[in-house]
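[1] take this sequence and fold it.
(chains A and B)
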Amino acid sequence: MKVFRSHFLICGGTGCHASGSINVRRALQEEIDKRGLSGEVKVVETGCNGFCALGPVIVAYPEGVVYLSATPDDIPELVEEHLVKGRILERLLYKEPITHEVIPRMHDIPFFALQNLIVLKNRGVIDPENIDEAIARDGYAGMAKALTEMAPEQIIKEVLDSGLRGRGGAGFPTGLKWKFCSQTPGDLKYILCNADEGDPGAFMDRSVLEADPHAVLEGMVIAAKAIGAHQGYIYCRAEYPLALHRLDVAINQAKEYGLLGENILNTGFDLDIEVYQGAGAFVCGEETALMTSIEGKRGMPRPRPPFPAIAGLWGKPSVLNNVETFANVGQIILNGASWYNAIGTERSKGTKVFALTGDVANVGLVEVPMGTTLGQIVYDIGGGIPGGKKFKAAQLGGPSGGCIPIEHLNTPIDYERVTELGAIMGSGGLIVMNEDKCAVDMARFFMDFVQDESCGKCTPCRAGTKRMLDILTDITQGMGKEGDIELLEEMGEIIKNASLCGLGQTAPNPVLSTIRYFRHEYEEHIREKRCRAVVCSALFKSPCQHTCPAGMDVPAYVALVRAERFDDAYKVMLRTNPFPSVCGRVCDHKCQSKCRRSNLDEAIAVKFLKRFVADHATKPKTAPAPVTRKQKIAVIGAGPAGLTAARDLALRGYKVTVFEELSEPGGMLRWGIPAYRLPRDILASEIKDNIEDLGVEIKCNTRVGREISFEKLDSEFDYVFLATGAHKSQSMRVQGENLSGVFGSVEFLRDFNNNEEDWLSGKKRLGTKVAVIGGGNSAIDAARVALRLGADVTILYRREKKDMPAAEEEILAAEEEGVKIEVLVAPLKIEDKDGKVCGITCERMHLKDFDKSGRKIPGAITGSGFTLSVDAVISSIGQAPDMSFVPKESGVGISKWSTFELARGSKSQTANPKYFTGGDALTGPDTVIGAIAAGHRAAREMDSCIRMENGEPAYQEPPEEEIEVPFILDEESVEAPQAKMSELDPARRRRDFAEVELGFERMQAVKEACRCLRCDAEID
Amino acid sequence: MDMVNITMNGQKVSAPPGSTILQAAEQAGIDIPTLCDHPVLISIGACRICVVEVKGQRTLITACTFPITEGMEVQTESPQVVKARKFIIDMLFSERNHYCPFCEASGNCELQNLGYRYGLDHWVYPTYTKAFPIDSSHKYLVMEHNRCVLCGRCERACSDLVGNHTLGLRNRGNSSMIHCDASLPWGDSSCISCGTCSQVCPTGAIFDRRSSFMGRDEQTEVVKSICSGCSVGCGTEIVTRAGNVLRIQGDWDAEVSGGLLCQYGRFDPLYEGRERVTKPLLRRAGKLEQAGWDEALRAIADRVGGARANELGVLTSSNCTNEALSLLDMLFRRKLKAPNLGLLNDTAPEQIEPKGWLADIAKSDVILVVGADPVKDQPVSSFFVKRAVDKGARLIVAGGKDNGLAPFASMNVEMADVNKAIEIAGRAAQPIVLYGAGVTEEAAGVLKKLQGKAAFVPLEPGVNTRAAVAFGFTNGFKPSAVKVLYALVGEQDCGITDVLKGVDKNVFLAVQASFKSPVTERADVVLPMAIWSERTGTLTNTEGRVQKANKAVDPAGEAKPDWEVLSLLAEKLGKRLGSSLDEISVNASRQLK
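    The predicted model follows:
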C-alpha cells in the first residue's frame, strides 16, 4: 500500500458541501498536483466531521491540525505554509469565541475534546465511499462475530444486556424489540431502517449515513440474523441525495465483498437490503406509517396492536430501528455488552448523537455519553450563545419534544430526565434558543409544523392541532383571551391522550412545555399585549419602542434627527421621558438590544442620539401646570421614579410635594452616578426645566421620620408615592466588614458626592490600594471614582468577566483607565492591623454547575487562599432599600428582601390603598428607565384610583402637539457599524471628573440616524 | 372455544378470542359510540370516538381496533373518556360546516347523533373558516366536502370492498380531503357508480342526488329484496315513501353480495325513462287498443288453443321469476306440448363440476376468467375479483382485450391459448375458474383439465338464466313453423326485435312486457307486467342459489307480476297450474331440484 507523508481530510458532508467543500477540495488537489506533491500528500473526502458551522473543515494529518472555513482562495497559501514550509496557517485555525484563543489541533478544541464517539467514530476519518477504510476501522467485525460465533438468542441477549435503547426517540429497548420479533413465527420477516429524519433542525441520521453507511448496514445484518429476516429496507427521504448516494455505494461495495446479499461471509445467511426513498412526509418517520408507505400507499399510521414485531410490513413480522440505533450494534457485538453499558446513566446507556443548532456558537453534530448535562452540551461543547445573548431554552426532540429552560442547564440528558422535564429525547435534534426567541411564537411555529404535517387521519391530531394553532396565532397577534392558556393545556392533554400515533400524542408538547416554563410570557401576550422577546410583531410598532420600559417612540425621534429637527425630537422624547439628557448618558439602552439593524451589522446608537438631541435642542419653556384637583399628593424620594410621577401628576392637575432626604434632588442619578458619567448641571437643569417649573415643590433635606413624621405625612396628604430607592449596601458577611477602611459602594459614592471638596482636598481619604468587591455598575463606578482619587484599584469578582452584570462599555472604560479586574476570586476575610484594613484574604474560585440565571456557580478551590495587601475595601455586591422610616402600623407591607409589597393584582398600589410605590424601592436595584416607567405607572394608577373613587370618567390625555414624523428610508442599506462616540483620553480621565463621553458631532448624529431601518413603518 | 374474560365498567364480559373491545361490548349490550368504524369495513381507529380507558395503557385506546386480553379492565364512559369524546365531537363540528338544518342527512346523521348523545349544545370552538368545493360532477351522487368528517369509510369501501380505488385522500392535516383518482372531478374519474361510498358515509358528505331531501329514515319504509340487474343476485333494500321508491341500498346481510351493489342495481332502475304498459292492449281492426284483462287473455287463449303444438312458439327473456319460468314451462312445454321454446339470451356452457361459489374467489390464489366480462355483465362479481387481486391473487383473463378485467390481470390470453392459463392455474394451490357464455366448446373441453383442482363458477348472462336453463330454455328458437308466438319480454327486450325479423308478419304475437317498445307495437296482445319493485317471486342466481325478491310498491296501473299473468292465461286455457304464489313457488323449486 502506498504511504503518504500527509493526509488532508476534507469534510464532504452535506453541510460542508453547502459551504463550498467541493470546490475547496478541487482547489486543494490542483494545488498539490501543481506543486508535484501528489505522491506525498493524499486528499480524502470524508463524511460529516460534525463542526458544520465552520465548514468546510479540513484536518491535516499526521499533525491533526484543523483548518476551518477555508475557501479555494486560501488553498495556495495553505499548501505553501503547511505542506511546503511546514508551518501552521494561523488565520484558518479555530478561535475560541470568547477568549479568542487560537487552538490548532482538533482534539484540543473543546467541541471535539468533550465528545465520546461510538456511532460517529469514523466521522471525518474515513472515506465513506471506500469500504476498505471502514473495514480497516473494524467495520463488519461485529457482524462477522455475530454471524460466525453467535446464535440469534445470543445476539439478542448481548443487545439486551448492553442496554441499547431506540435512538429514534421513544427509547424502547432494542433487544426487547428484536426478541419479540424473533419469537413470532414466520418464514418471511423484514428488517427496516428508519432514515426518515424530519424534525426541523435535525441531521444526525443524515450525517451518520453520509459519514459511515457501513456501520448501519452492519447493524442491520446483525439484527436480521437475530430475528431471522432476509430482506431489509432502508427508508430514507429523497431530500438526502448524498446519503442516498453513499448508501448505494456502500451496499454495492458490501455485496461485492460478500458482506451483504447471499451467503454472507460463507455462513449461509442471506440479507438483501433495498433503499426506499420517502417523499418527505414527517409522519412517515412513524413506524407504521413508514411501513404503509413502503407498501406503496399513502403513508398513514395504523393502530397498534398488532405491533410490527407481530404484523408489520405487508403484515409480516418486522423490526424497525433508527439509523443511529443500528450504527451502535456492530460495536456492541464486537466489544461486548459490558463495554457499552459502562457508558451512560443507570437506565440510559451508551452515547447519544445530537444535532446542535440554533443560537449556539458551535453549530454541529455532537456525540456525548448519556447523562452529559445540557449545560455542558450548550456551553462547553457548543461554545455558548453568540452575540452576548442569554440562553433561554433548548428545544429537544423537535416538534414532538419540549423545551428545557435555563434553570435546568444542569439536567443530565437521558431518557428519564428529559421526559420528566416535559421534553423528549427524540432523535436528537437540539435547538438552542436565546432570549430573542418568544416562547409563544416558538410554540406556534412547532404547532404550525405539526398541524401541517399531520396526516389527517385521526381527529384529535388533525383538527385539534389546527384549533390549538388558531389560539396560539391569536395570542401572538394580540387577540389572546383570558382562559386561552387553560384551554390550550386542556386541549393538549386530550390530544396527547386520544391521538392515534406518536405524532399526535406528542404534538402538543412544545405548547405544554412552553406553558410550563414560560407561562408568564403567555400571560404578558394576553394581558399586556407584550412580547418580551420582541418577536410577535403584531403587538408592537417597532422593537426598540416595545423594549423600552417607558415605551419611548425611538423611530420617531431618530427620524427627526435624520431630518435635523432636533427641537421636535426633544419634544417627542419629553412625551414619555422627563430626563432625555440623563438617559442619553446613563440609560442601559435595552432598545438597542433588539434593534433589527443588529441583524445586519450593529444596533442604532439610540442612547447617543438621545444625548445628542438633549445636548443640541432648544429646550421648550415649561409653563406651570394649573392645579385643578383637590387631592394633595406627596412623593417620597426625588429620584427618577418619584420625579417622573410628580411631573405626571402635576400635569394632571394635582398639587405635588416631593420630600427628599438629601440636599439635592436626583436620587441615584445625583448621589450614585459619578459626575464623569452624568455632569451635575445637566441633571439639575433637567429637573428644574421639566419638573420644578411645572410647579412641583421639592423639599430637600427632609427625611420622613426625621424632619417630618410619618403620621404628619399621612394626615396632610391624600395620597403618597413611596419612591425611596435602594441606597443601602448589602453585607458581604465576611470577617472584618466593620473595620474602618471598609465601605459600601453606595455609601462611599454618596459621601463622595456630598463632600467632594473634602475628598478632593484630601481631608477625607480612601486609601492607596483599594479592592472593590463585586461586578455590577456600582462596583465599576466606585472603582473609577477611587481611581480618580489616586488609588491603585483592583476589582475582585467571583465569576468570569463575561458574567459581570455591569455594562460592557463601563468595564472596558474602567480597564482603560487602569482599573485591574481579578476574576474567579471571592473575599474570605478582611485583615486588619490596629483596627485598620491592611489586606484582604481571598480564595480562588472555579466554576461548577449552572445557577438559575444560566451562569455557572463559583465554588472555592480548597487551599487557594491568598492575601492581597490593600488599605481600603469597597463592597459592592448589591443594594437594598432602607425601610426604617416605615412604621409597622402604616399598613404598607415590606418583603423579606426589604422592598415594598404590592396589593394583590396591582402594579403600584400597596396594601394601604393610599400608598403607592415604584422604582428600586419596589424592585430592588434596577435601571433609570425602569424607574421612569414605574413613575409613569404609579401616576397613572394613582390618578385612576382617585377618579374611580370619585366616580369620575377616566383621564383623557390632552391633545399632543402635532409633530409630523418624516418617513425617509434608503432603498438599500449598506453595512456600516454604529458611529463611534469620542471619549476623553484615558490618561486624561484619571485626573478629574470631567465627562468622559464627548457626544456626537452633528453630521455624525445625522448619519447614524440614517442607519435606522424604520421598523415602525406600516406599509399598506 | 375458550372465551376471554374481561371486565367492562365493572361488569364481567366474555367474548371469543380475537374479539375487539367493541365487539365484546356489543355482545354484552354496552354501547360504545363509533363513527369511522363500520361493520363491513376494516377498522382503522381514525376518528377516536370509540376511545375507552384500559387499565395499564398509557393513553386512551380505540375499542374498534384493540383486541381483548384475559383480565382486561375497560371503562367505556369514564370522565376521561367522555371528556375526550366531547372534545373530538367539538373538533369535528368545528372543523367543517356541520350546520345540520341545511343538510340532507339531518336526522340520519351519525355525527348529529353523537352530538345529541354527548350534549353538544353550542360551538365550543370557532367553526370552520375554510370552505371546500362541492363536487357535483357525478351523475348520481354529490360529494359535499364541507360535511366530511374524514372517517375514510368511503375510501375503504371503494378500495377494500369494491377494489376500485377511485376515492383517496389528498393533502395533509386540516386540509385533508377525499378526492377521486388524481383529483379529477368525480364525474370524470374512474368511478363505476356502485354507490357503496354513499351507503357507508355517516354524514351528508356523499349523498344520493335523486332521493336527497325526500325523507328521513323514520319517514320511509324498507323492503329487502333481490336485485334483478344481473345473475349475481345481490341483496337490496328498497326504500320507499308513500308508494314511491326513493332509492335502493345494498343489504349488508345479503349472503351473495354482502351489501354491495353496482350501478345496474342501485341507480339504473330508478332512472328508468321508458313508458310503462299499464293496461292490457288488444289489436282490433289492425289497431292496438286498451282492453280488459279478461278480453286480452281470452284473445290469446283462443289463438293458442286453436293452434297445433308445432305452430306454437314461446320466447322468454331470463328477466323473470322462477315462478314465471316454471309456469311457462308447464303450460307450453308440458301441457300444450309445444316444442319450440327459446331463451332470448345466451347461456354459459354446461355446468363444469365441481361447482364453486362466488365467495370462493376471495380464497383463491389464481383466478381464471374465461369467456365472461363480469365488469360489464356481473359487476359485483368483478368487485370480488379485484378485491382478491388487491390481496395478491393472480388474475388471468382469457378472451378479449376489451374485457373489463384485462387491466387488472397479470396475464391476458386469447381464448385459443387458454391452455397457457390452465397450466398456471394448475400449479396454484386454490384456483377458481369463472366462465361465461363466451367460452368456446374447445376451450370448455380444455378447462375440464382443471377438474378436481379448481372450483368452477359460471357467470351467466341475463338475470335468471340459471333457472331458465334448468327449466330447459336455451337459445334455440326456430321461427319457421310458428303461427302463434308468446313472448315473455319482461323489462328488457333482450334482442327480441332481431329475432322477430325472422318471424312472419302474420304470426299472432302475444307479448308480456313492462315497457312500450317496437315489440309491443308489433304485438297483437300486450299484457302489462309488473317490474322488479312491484312483484314478489324467487330468482336463481348464477351460482344456482334461489333467493326471494319482494314487492315494495304496488304495480303500475293494471300491471301484474309475470307469474300471475301466466297463471291467469293457463286458467283461460283450462289448465290449472296453481293460483297462489306459494303454490307456484313450491312447484317451481321442486322442478328446479
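[2] state the distance from the nearest residue to residue B:128 once chain neighbours are set aside to residue A:550.
    If the residues on either side of it in the chain are set aside, residue B:128 comes closest to residue B:96, at 4.8 Å by Cβ to Cβ, 6 or more residues apart in numbering or on different chains. In this view, the C-beta of every residue, glycine as well, is placed from N, C-alpha and C. When distance is defined by Cβ to Cβ, to the nearest Å, residue B:96 is 48 Å away from residue A:550.
[3] who in the stretch 151-300 of chain B is up against chain A?
    B:152, B:168, B:169, B:171, B:172, B:173, B:174, B:175, B:176 (Cβ under 8 Å from any Cβ of the partner chain).
[4] and which of these is nearest chain A?
    Among those, residue B:176 lies closest to chain A (Cβ to the nearest Cβ), at 2.9 Å.
[5] give me the mean pLDDT for stretch A:391-409.
    Stretch A:391-409 carries an average pLDDT of 92.
[6] does it reach chain B?
    No. Stretch A:391-409 is not in contact with chain B by Cβ under 8 Å from any Cβ; minimum separation 12.6 Å.
[7] and the next helix or strand past the lengthiest strand in chain A?
    For chain A, the strand with the greatest residue count under DSSP state E is strand A:836-850. The first helix or strand that comes after strand A:836-850 along the chain, using DSSP states H and E, is strand A:856-860.
[8] direction included, what does that following strand pair against?
    Within its sheet, strand A:856-860 is paired with strand A:836-850 (antiparallel), according to DSSP bridges.
[9] residue ranges in the chain under the pLDDT threshold?
    As the question left the chain open, I've gone with chain A. Scanning chain A for pLDDT under 70 picks out A:1, A:98, A:1019-1020.
[10] chain B was what I was after
    For chain B (pLDDT under 70), the answer is B:1.
[11] which positions in it make contact with chain A?
    So far as Cβ under 8 Å from any Cβ goes, chain B lies against chain A at B:43-49, B:51, B:59-60, B:62, B:65-67, B:80, B:83-84, B:87-88, B:91-92, B:94-95, B:125-126, B:149-150, B:152, B:168-169, B:171-176.
[12] ok, the residue in the stretch 301-450 of chain B that chain A sits nearest to - how many residues close by?
    At 9.2 Å from chain A, residue B:392 is the closest residue in the stretch 301-450 of chain B, using Cβ to the nearest Cβ. Neighbour count of residue B:392, defined by other Cβ atoms under 10 Å in any protein chain shown: 8.
[13] that one: what's it in contact with?
    Going by Cβ atoms under 8 Å, 6 or more residues apart in numbering or on different chains, residue B:392 touches residue B:365.
[14] quick one: it from residue B:434, how far?
    Distance from residue B:392 to residue B:434, by Cβ to Cβ: 18 Å.
[15] the stretch 301-450 of chain A against chain B: which residues are in contact?
    Checking the stretch 301-450 of chain A against chain B by Cβ under 8 Å from any Cβ, the hits are A:302, A:303, A:305.
[16] quick one on the thing from earlier: now neighbour count and secondary structure too, for the residues of the stretch 151-300 of chain B next to chain A, in CSV please.
    Output for these, formatted as CSV (neighbours: other Cβ atoms under 10 Å in any protein chain shown; DSSP: H, G, I helix; E, B strand; the rest coil):
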residue, neighbour count, secondary structure
B:152, 25, coil
B:168, 19, strand
B:169, 17, strand
B:171, 12, coil
B:172, 20, coil
B:173, 19, helix
B:174, 24, helix
B:175, 15, helix
B:176, 20, coil
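[17] show me where the stretch 51-200 of chain B has its helices.
    Using DSSP state H, counting those that start in this stretch, the helices assigned to the stretch 51-200 of chain B run over residues B:79-95, B:110-117, B:153-156, B:196-200.
[18] of all those, which one comes closest to residue B:240?
    helix B:196-200 (16.8 Å; Cβ to Cβ).
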